[in-house]
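[1] Kindly return the folded structure for what I paste below:
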Amino acid sequence: MKGLENFYHYTGFYNVEIGNIFMIVVALFFLYLAIKKNYEPLLLVPIGFGIIIGNIPYLQDAGLTLGIYEDGSVLNYLYQGVVKGVYPPLIFLGIGAMTDFSTMLSNPKLVLLGAAAQIGIFGTFFGAIALAFNTGEAGAIAIIGGADGPTSIFLSSKLAPHLIGSIAIAAYSYMALVPVIQPPIMRLLTNSKERVIRMKPPRAVSKTEKVLFPIIGLLLTTFITPAALPLLGMLFFGNLLKESMVTERLAETARTSMIDIVTILLGVTVGASTQASTFLTPESILIFVLGAFSFMVATAGGVLFAKFMNLFLKSDNKINPLIGAAGVSAVPDSARVVHHEGLKYDSSNYLLMHAMAPNVAGVIGSAIAAGTLMSFLM
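    Residues are numbered from 1 along each chain as shown. Take a look at the predicted model:
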């Protein structure tokens, strides 16, 4: 009987707390969104399952070395890729290898929409300071508005490592909820005439332009913000692998096997970092609120700036303001949402290619914003 009693003390049934149950329910909700609703399944399935792993209760003083925050545990070793900022640049390498910047190069003025959407980042920075977060924490929280999970993790690993779990979960949650959050804002800020504006087809971009862009882009952006070099360097390197046409095998590996492996490791470990004892705090709730505010302001900023640009453009060269919402860097989901929203008002007006320009510009913009914040706050 003594042995049975000791065994029972080791089980999760004995050590479970209400916080563990709450987080497991959250995990099941994430899995429901991913599997049933098909919202970012490649992200939410690993994160959701990771949350379950991180909240399986066990006897803390038993010396089992199981938790993600315990030195020597397997999960802790895997988590070092998050804490040390290793996984995000590898994700950016894969993104670069799968991204076509042609639409952005064919219509460079659309880059401004990607820049305008970053207003949510800097607005939230001051909001976080007003809520008593220190400057490092505020900078890490603010980047959620870029809707870029890897950038959020990278910046928080430098400025606020103790908030990585909350910031990462918030960033990926809002990325997954792009189809829910963005359309109401787009409708609110545009009228029926603006939603059916037809844009000129993008011009053909030469191979020379495509090859030169990652080289010139790297030099320009990293000379401005050297702190963003790990992200932008890998992004442009991956794009050069793709566009050079002589390293197709490397590009294929970067955009398939490698990014898939890193996404699995990042998703599971970020999910596991949400142990109830460390995750369920008032700070986490404020981070989710600020993240939502940041994302909505970023969406509104892109749409409103597109409307502002139209004041100076000729009638035959107007921008459909809906594509401004794609200035956040949730690639390519935000561009798809814009496309589907446009089709509701004109079934023959295809906005996807146009929306991809501010969308990929937003990836670069959020990385530059992260580098700028890092330069000022570290």
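
[2] Following element in sequence after the helix or strand of the chain with the lowest mean pLDDT, please.
    When each helix and strand of the chain is scored by mean pLDDT, DSSP states H and E, helix 2-10 comes last, with a mean of 76. Per DSSP states H and E, the first helix or strand lying C-terminal to helix 2-10 is helix 12-15.

[3] I'd like the average pLDDT over that next one.
    Mean pLDDT, helix 12-15: 79.

[4] what sits up against stretch 219-227?
    228-229, 232-233, 364, 367-368, 370-372, 374-375, 378 (Cβ atoms under 8 Å, 6 or more residues apart in numbering). Any C-beta I mention is one placed from the backbone N, CA and C, and that applies to glycine too.

[5] any idea which of those is the one closest to Thr269?
    Ala370 (20.3 Å; Cβ to Cβ).

[6] Now do the same contact list for that closest one.
    Counting by Cβ under 8 Å, 6+ apart, Ala370 makes contact with 143, 146, 151, 154-155, 227-228, 231.

[7] Output stretch 180-189 as CSV, restricted to C-alpha atoms.
    The C-alpha trace of stretch 180-189 is given here as CSV (Å, rounded to 0.1, in the frame of the first residue of the first chain):
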residue,chain,number,x,y,z
VAL,A,180,-11.6,36.6,-38.5
ILE,A,181,-9.9,39.9,-37.4
GLN,A,182,-9.1,41.7,-40.6
PRO,A,183,-12.3,41.6,-42.8
PRO,A,184,-14.5,43.7,-40.3
ILE,A,185,-11.8,46.4,-40.2
MET,A,186,-11.4,46.4,-44.0
ARG,A,187,-15.2,46.8,-44.4
LEU,A,188,-15.4,49.5,-41.8
LEU,A,189,-12.7,51.7,-43.4
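
[8] Residues in contact with that stretch: which ones?
    Looking at what lies outside stretch 180-189 - Cβ under 8 Å, 6+ apart - the contacts are 174, 292, 295-296, 299-300, 303-304, 307, 321-322, 325, 334, 337-338, 341.

[9] hang on, the earlier thing: check the offset of the least confident helix or strand of the chain from the chain's centre.
    For helix 2-10, the separation from the chain centroid amounts to 44 Å (computed by Cα atoms, centre = their mean, to the nearest Å).

[10] re the thing from before, in ChimeraX, how would I select the buried members of the contacts of stretch 219-227?
    Buried residues among those (16 or more other Cβ atoms under 10 Å), as a ChimeraX selection:
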select :228,232,233,364,367,368,370,371,372,374
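
[11] Could you dump the contacts of stretch 219-227 into CSV with secondary structure, pLDDT and distance to Phe126 added?
    Converted to CSV, the contacts of stretch 219-227 look like this (DSSP: H, G, I helix; E, B strand; the rest coil; pLDDT from 0 to 100; distance: Cβ to Cβ, whole Å):
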residue, secondary structure, pLDDT, distance to Phe126
Ala228, helix, 93, 21
Leu229, helix, 95, 26
Leu232, helix, 96, 25
Gly233, helix, 96, 30
Ile364, helix, 93, 23
Ala367, helix, 92, 21
Ile368, helix, 92, 19
Ala370, helix, 91, 17
Gly371, helix, 92, 19
Thr372, helix, 90, 15
Met374, helix, 91, 17
Ser375, helix, 89, 18
Met378, coil, 74, 19
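
[12] for the contacts of stretch 219-227, which one is nearest Leu280?
    For those, the residue nearest Leu280 by Cβ to Cβ is Ala370; the value is 26.9 Å.

[13] residues contacting the residue nearest to that closest one when sequence neighbours are not counted?
    The shortest distance from Ala370 to any non-neighbouring residue, by Cβ to Cβ, 6 or more residues apart in numbering, is to Leu155 (4.5 Å). Going by Cβ under 8 Å, 6+ apart, Leu155 touches 139-140, 143, 370, 373-374.

[14] The same query, at a cut-off of 6 Å, please.
    Each residue near Leu155 by Cβ atoms under 6 Å, 6 or more residues apart in numbering is listed here: 140, 143, 370.

[15] so which helix or strand takes in Ile285?
    Using DSSP H and E, Ile285 sits within helix 282-310.

[16] after that helix, next one along is what?
    From helix 282-310 onward toward the C-terminus, using DSSP H and E, the following helix or strand is helix 333-345.

[17] how about low-confidence regions in this structure?
    59, 61-63 (pLDDT under 70).

[18] Find the residue at the geometric middle of it.
    Nearest to the mean C-alpha position of the chain, by Cα atoms, centre = their mean, lies Asp148 at 2.0 Å.

[19] My read is that it contacts Val328, right?
    No. Using Cβ atoms under 6 Å, Asp148 is not in contact with Val328; the gap is 7.9 Å.

[20] give me phi/psi at Ile319?
    phi -100, psi 140 (degrees, to the nearest 10).

[21] which residue packs closest to it, ignoring adjacent ones?
    Closest to Ile319 by Cβ to Cβ, 6+ apart is Ala306, at 4.9 Å.

[22] So the one you found versus Phe30, what's the distance?
    The gap separating Ala306 from Phe30 is 32 Å, by Cβ to Cβ, to the nearest Å.

[23] just to revisit the earlier point, if any of the contacts of stretch 180-189 are buried, put those into a ChimeraX selection.
    To isolate the buried members of the contacts of stretch 180-189 in ChimeraX, using 16+ other Cβ under 10 Å:
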select :174,292,295,296,299,300,303,304,307,321,322,325,334,337,338,341
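
[24] out of the contacts of stretch 180-189, who's nearest Ala116?
    Closest to Ala116 out of the contacts of stretch 180-189 is Leu304 (7.7 Å), distances taken as Cβ to Cβ.

[25] how far away is that closest one from Val297?
    As judged by Cβ to Cβ, Leu304 and Val297 stand 10 Å apart.
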